[in-house]
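Student: kindly return the folded structure for what I paste below:
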Amino acid sequence: MSDDAGLAERMVARAGRAVTVMTDEDATNDPPVHPAAAVFPMLADEELRDLADDIKHNGLIYDIVLDKTGAIVAGRNRFAACKLAGVEPRFMTLPDDADPVAYVLSENLQRRHMSAGQRAMAAARARLFLKNNQDGVASLAGVSQARIAYAATVIKYAPDLADLVLSGAEHLNAAYEKARARKIAAESAAESDARQRAEAERKTAKLRAEAPDLADLVAEWRLSLDDALAALRQRQEDEAREQRSATQLLVTVLDFLAPPAGDLRGHVKVTSDRIKLGCVPGSERISAERVSQAVAFLEALRPAIAQQEERSRNGLHESAR
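Tutor: As a prediction, this is how the structure comes out:
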């Protein structure tokens, strides 16, 4: 007998056969089941009835094993069968220094007829309750670390298939391939979500920089981000259209007002001869005062035009480099 296979037997020998009789109060307060023991499925109803009949006629052969807290670590089916048969169950308690999870694995994996995939699944589930020596789980289960890793992937990404593997209804390899496909899909979806979040953050930052008022509306849930960006685009298009119109108007005015080089006096005479107040609607708004205002405006506009010229020249120089 190997060390792993004999673990449960050695623990039983150390603990002895301390018999506990169930009272009426105990019958209404069933002992809890250790989480690691709950990993293993209960017998089917028909099999449980067969076990109850056997216990009723032949007695309970193996005691129900409890840990030091009173939780069942082995014999959950035997306990249920005793209740069906009306037979008082016997209990024994593991030594204080015994590892209940290791006992659960040893007792269940050695006594049950389980495939390697089932053992790997049971070990992967039980491993969640181990505080130390997790690598020893593979040895207790008699399977490789790789198969336990397969089972862990199923538990994480296809938990609905884990019970099927444990019951033998699904092969571990088949369940792993399905879980792996789900893992890839989940990772792809996570990457897509991350990209979408990054893009939303970029758009929000752009909106905050270029249109704080629209960004505030988004922050207050009064406007969606997409609608706010659409409003920003419309605003920018309107501004660009106004820029083109203003620029074209200035081009027309300057073409009319700017004289040929060295011929200011002649250009003024020709222009004054062409202008006749009252000949067209709106000409009444022409006045010497408004001409002075226009001259002042153009003079004030000149530095801004000079700055734009300088930026344009610098941009051309940068492009040439």
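Student: this protein: strands as residue ranges?
Tutor: Counting by DSSP state E, the chain has strands at residues 64-66, 72-74, 91-93.
Student: let me know which of the ones you listed is tucked in deepest.
Tutor: Of all these, strand 72-74 has the most neighbours on average by mean count of other CB atoms under 10 Å, namely a mean of 26. Placement of C-beta: from N, CA and C, glycine included.
Student: quick one: contacts of that one?
Tutor: With CB atoms under 8 Å, 6 or more residues apart in numbering as the test, strand 72-74 has contacts from 8, 31-34, 36-37, 64-67, 79, 94, 100, 103-104, 107-108.
Student: let's see which of these end up in helices.
Tutor: Counting by DSSP state H, the part of these found in helices is 8, 36, 37, 79, 100, 103, 104, 107, 108.
Student: does the fourth one touch residue 87 like I think?
Tutor: It stands for residue 79. No - the pair residue 79 / residue 87 is not scored as a contact, 10.4 Å apart, by CB atoms under 8 Å.
Student: hang on, residue 275 packs against residue 287?
Tutor: No - with contacts counted by CB under 8 Å, residue 275 stays clear of residue 287, the gap being 11.9 Å.
Student: what's the lengthiest helix in the chain packed up against?
Tutor: Taking DSSP H as the criterion, the chain has its longest helix at helix 172-210. Helices and strands touching helix 172-210, by 3 or more CB pairs under 8 Å, 6 or more residues apart in numbering; DSSP states H and E, are helix 116-126, helix 145-157, helix 159-167, helix 212-219, helix 225-257.
Student: among those helices, which comes closest to residue 193?
Tutor: Taking CB to CB, helix 225-257 is the member of the helices and strands packed on helix 172-210 nearest to residue 193, at 15.6 Å.
Student: quick one: distance of that closest one to the chain centre.
Tutor: 44 Å (CA atoms, centre = their mean, to the nearest Å).
Student: can you check stretch 276-291 too?
Tutor: Distance, centroid of stretch 276-291 to centroid of chain: 71 Å (CA atoms, centre = their mean).
Student: could you do stretch 185-205 as well?
Tutor: Stretch 185-205 sits 11 Å away from the centroid of its parent chain (CA atoms, centre = their mean).
Student: low-confidence ranges, the stretch 101-250 of the chain, go.
Tutor: The model of the stretch 101-250 of the chain has pLDDT under 70 over residues 110-112, 130-135.
Student: please redo it, this time with the cut-off set to 90
Tutor: Low-confidence segments of the stretch 101-250 of the chain, defined by pLDDT under 90: 101-116, 119, 122-145, 148, 163, 166-168.
Student: residue ranges of each domain in the chain, please.
Tutor: For the chain, automatic domain parsing gives the domain ranges 1-112, 115-210, 284-321.
Student: redo those as CSV? Include distance to residue 245.
Tutor: Formatted as CSV, the domains of the chain follow (distance: least, CB to CB, whole Å):
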stretch, distance to residue 245
domain 1-112, 76
domain 115-210, 22
domain 284-321, 16
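Student: gap between the two ends of stretch 65-84?
Tutor: Taking CA to CA, to the nearest Å as the measure, stretch 65-84 stretches 19 Å from start to finish.
Student: give me the buried positions along it.
Tutor: If you call a residue buried by 16 or more other CB atoms under 10 Å, then stretch 65-84 has these buried ones: 65-67, 71-82.
Student: work out the gap between stretch 91-107 and the centre of the chain.
Tutor: Distance, stretch centre to chain centre, for stretch 91-107: 38 Å (CA atoms, centre = their mean).
Student: with stretch 43-58 instead?
Tutor: Remark: stretch 43-58 is offset 46 Å from the chain centroid, using CA atoms, centre = their mean.
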